[in-house]
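Chemist: have a look at this fold, sequence not included:
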């Protein structure tokens, strides 16, 4: 229902046009199922005030002369509307609603439009555009791939572009680097939130305020006032032309802080009566929880998702902080949202839309299995990586984290719904992994080489690998793990692009580039097949020689799967991964699943070993690994 609300130009004249303003207020006396309790906003009058008024022969931001909206009945409540009686010339205009209430003792309020498509330049203004280029979004070349086929790059639009964008809008500047991301081999970008937040300062975007709006800071292009949404559409089209999926970070558990609650709150004479806010599942201290007990909230967030899916052709959504709007056994909240999105995709005849949960607790895999989610963020590899780098020693828990899809399999070892874990060495919530490599010695990225076996592990284990922007060239910014609610961890970490071409950056990015190519080029590495299974009391390899040797800091595991490029039925790809996390080169007796000629496809140049008796001695460099590969007959 929200697709027609907000402010928008009537028609698509690139030079001028009238503008329609529509504001919806739910009413359960008209549609009883929307929420419980009496939530009459007690609005007396709403005026539209803004920078367009001079075109109406008024004074901009003059509430006295501003147009008054009319109210009419809507199937689910009331619709307040106003349409300019003159055409406005091409440009970017800001506005707010000035609301007075039935109780004259309640001070009138300046209210943000909950459905505005643009964030304003200041004071949480709403905005609209007249004219411009009205571009569409081009299709994803090659079509959407299953989630397990992706290699994801987590990107903060501000940090990614800070060093080189100059006067361009950050969204516009990202477009310049799409070819760089494609060259890495990446086929999916997870953009940290681009929806508008309160204020104009730096933010990670996890305190959203205007859910249908592009953040002004990201879209404010000099000399292009009517192209703000066009910039994002152009970026997505460029990604699609480069066969890169676009995944949006959606923050749907909560809105902004107490000073800037969910926009609908201010339209209620008694703010506490607003049905959109309130606790449903958990609560996020200091922020405004959204109340999924009420249909109006469920429908609002559903239609936010539909808007970005339909208008901007995104290819997936990552759902932030899902632990707080999921209740086991309830069909509301996250469960219903994922169901609605899946049905919407199906109704359009589309497929492979990715739905990833940030559900950081022990139930994450089960919640993923119980809902329409396709993946979840698995903190296990990150946690073990940071712990082991700090302690200069791996432990047996690392081995358990490598079999990332294990918890998504059923009792028969099957994964009927093709769901996967998303794995990472770090993400936006933590310091760069290169910093952690040298943190204990205050060396940071100078000990970048210690991350190499972890990178090899991530790119060869089950699950979907995700890379934080800059990780590939040893960017080493630090953030505190817990700021105890102070907000001090949300700091700019601008990428230092000169690092990408220095000795360290080039060496590491070459490794990432090669490993991504290996992963995407071999379907077996995208399967769930993994051996051996492991338990956290096991510190030595099993009888065959697979597993972890904590004392020697060696890990060996086996991956396999059908060879889709084989000319004969029954061929499978096999991999033996050998990782040396120690600081010494080591001779390792490696078990092999079949005899024959194996190739170390990570070595430069590749070299072969002839295996007889299912075992061979291999020299493995310190902080390094081997990826042995063979195509064999099934069995």
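Modeler: Perfect, thanks for sending it. The structure presented is a predicted model; accordingly, all values stated were derived computationally and were not measured.
Chemist: and the helix or strand harbouring residue 337, how far out from the chain's middle?
Modeler: Element membership for residue 337 (DSSP states H and E) is helix 334-347. Put simply, helix 334-347 sits 18 Å off its chain's centre (C-alpha atoms, centre = their mean, to the nearest Å).
Chemist: what lies in contact with that helix?
Modeler: Residues from elsewhere that reach helix 334-347, judged by C-beta atoms under 8 Å, 6 or more residues apart in numbering: 252, 292, 298, 301-302, 305-306, 309, 317, 319, 322, 325-326, 331, 351, 353, 355, 357, 367, 370-373. Where you see a C-beta, it was placed from the backbone N, CA and C, and this is true even at glycine.
Chemist: what is the burial count for the residue lying closest to residue 580 once chain neighbours are set aside?
Modeler: Taking C-beta to C-beta, 6 or more residues apart in numbering, and ignoring the residues beside it in sequence, residue 580 has residue 620 as its nearest neighbour in space, at 4.2 Å. Number of residues near residue 620 (other C-beta atoms under 10 Å) recorded here: 22.
Chemist: quick one: contacts for residue 620?
Modeler: 554, 578-580, 585-588, 626.
Chemist: low-confidence ranges in the stretch 501-635 of the chain?
Modeler: Applying pLDDT under 70 to the predicted model, the residue ranges of the stretch 501-635 of the chain that meet it are 565-569, 634-635.
Chemist: hey, where'd the strands end up in it?
Modeler: 547-549, 554-562, 571-580, 586-591, 596-600, 607-611, 615-620, 624-633 (DSSP state E, counting those that start in this stretch).
Chemist: next: the stretch 301-450 of the chain.
Modeler: Listed in chain order, the strands of the stretch 301-450 of the chain (DSSP E, counting those that start in this stretch) span residues 316-319, 354-357, 375-377, 420-424.
Chemist: filter the contacts of helix 334-347 to the buried ones?
Modeler: 252, 292, 298, 301-302, 305, 309, 317, 319, 322, 325-326, 353, 355, 357, 367, 371-373 (16 or more other C-beta atoms under 10 Å).
Chemist: picking that back up, show the average pLDDT along the helix holding residue 337.
Modeler: Summarised as a single mean, pLDDT over helix 334-347 is 98.
Chemist: one step back: kindly reformat the strands of the stretch 301-450 of the chain as TSV containing distance to residue 175.
Modeler: Converted to TSV, those look like this (distance: least, C-beta to C-beta, whole Å):
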stretch	distance to residue 175
strand 316-319	20
strand 354-357	22
strand 375-377	27
strand 420-424	25
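Chemist: turn the strands of the stretch 501-635 of the chain into a markdown table, including distance to residue 513.
Modeler: Putting these into a markdown table (distance: least, C-beta to C-beta, whole Å) gives the following:
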| stretch | distance to residue 513 |
| --- | --- |
| strand 547-549 | 28 |
| strand 554-562 | 20 |
| strand 571-580 | 19 |
| strand 586-591 | 26 |
| strand 596-600 | 18 |
| strand 607-611 | 20 |
| strand 615-620 | 22 |
| strand 624-633 | 15 |
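Chemist: which among the ones you listed is found nearest to residue 21?
Modeler: Judged by C-beta to C-beta, the one of these that comes nearest to residue 21 is strand 554-562, at 55.7 Å.
Chemist: can you redo the strands of the stretch 301-450 of the chain as TSV with mean pLDDT and distance to residue 38?
Modeler: Formatted as TSV, the entries for the strands of the stretch 301-450 of the chain read as follows, by pLDDT from 0 to 100; distance: least, C-beta to C-beta, whole Å:
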stretch	mean pLDDT	distance to residue 38
strand 316-319	98	32
strand 354-357	98	35
strand 375-377	98	39
strand 420-424	98	44
